[in-house]
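Participant: I need the structure of the sequence given here:
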Amino acid sequence: MKVSIDPELCYGSNDCAYRVPSVFTVADGLGAVLPGQEGTGEDPEVRDAAEKCPSQAIRIEG
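Facilitator: Residues are numbered from 1 along each chain as shown. Sure thing, here's the model as predicted:
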């Protein structure tokens, strides 16, 4: 499953990077998925971060 962050919804709370720093980072003030980590959507920590994202910007597809 693929994880991504919708830059139109993200407002830069950095919650994702705090929760799962091995998958998420902050780039230009917004959350971003680290290169090579796009396929981590099945990871329970990533799913939890998506559920708890204050702007609901984290997308898990596939």
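Participant: CA atoms for contacts and neighbours, from now on please.
Facilitator: Noted.
Participant: ok, Pro44 - how many residues close by?
Facilitator: Residues lying near Pro44 (other CA atoms under 10 Å) number 10.
Participant: So what's the predicted local confidence for it?
Facilitator: If you check Pro44, the pLDDT there is 98.
Participant: same deal with Ala50?
Facilitator: 98.
Participant: And the helix or strand where it lies, what's buried?
Facilitator: Taking DSSP states H and E as the criterion, Ala50 maps to helix 44-52. Neighbour-count burial for helix 44-52, counted by 16 or more other CA atoms under 10 Å, picks out 46-47, 49-50.
Participant: in its sheet, what does the following helix or strand past that helix sit against?
Facilitator: Under the assignment DSSP H and E, the closest C-terminal helix or strand after helix 44-52 is strand 58-61. According to DSSP bridges, strand 58-61 forms sheet pairs with strand 2-5 (antiparallel).
Participant: what about the strand it pairs with, distance to the chain center?
Facilitator: 6 Å (CA atoms, centre = their mean, to the nearest Å).
Participant: repeat for stretch 26-36
Facilitator: With CA atoms, centre = their mean, you get 8 Å for stretch 26-36.
Participant: Just to check, Val33 is in contact with Pro21?
Facilitator: No. If you go by CA atoms under 8 Å, Val33 and Pro21 don't touch, sitting 9.5 Å apart.
Participant: Among those two, which residue is more densely surrounded?
Facilitator: Ranked by neighbour count (other CA under 10 Å), Val33 and Pro21 place Val33 first, with 22 against 14.
Participant: and the more buried one, how far is that from Arg47?
Facilitator: The gap separating Val33 from Arg47 is 13 Å, by CA to CA, to the nearest Å.
Participant: now swap in Pro7 and tell me
Facilitator: Distance of Pro7 to Arg47, computed by CA to CA: 18 Å.
Participant: Equivalent analysis for Ile60, please.
Facilitator: Distance, Ile60 to Arg47, using CA to CA: 8 Å.
Participant: And for Tyr18?
Facilitator: 14 Å.
Participant: what does Val26 give?
Facilitator: For Val26 relative to Arg47 (CA to CA), the value is 18 Å.
Participant: ok so, going back, where do the contact lists of Ile60 and Arg47 overlap?
Facilitator: Any residue near both Ile60 and Arg47 by CA atoms under 8 Å, 6 or more residues apart in numbering counts here, and that gives Gly41.
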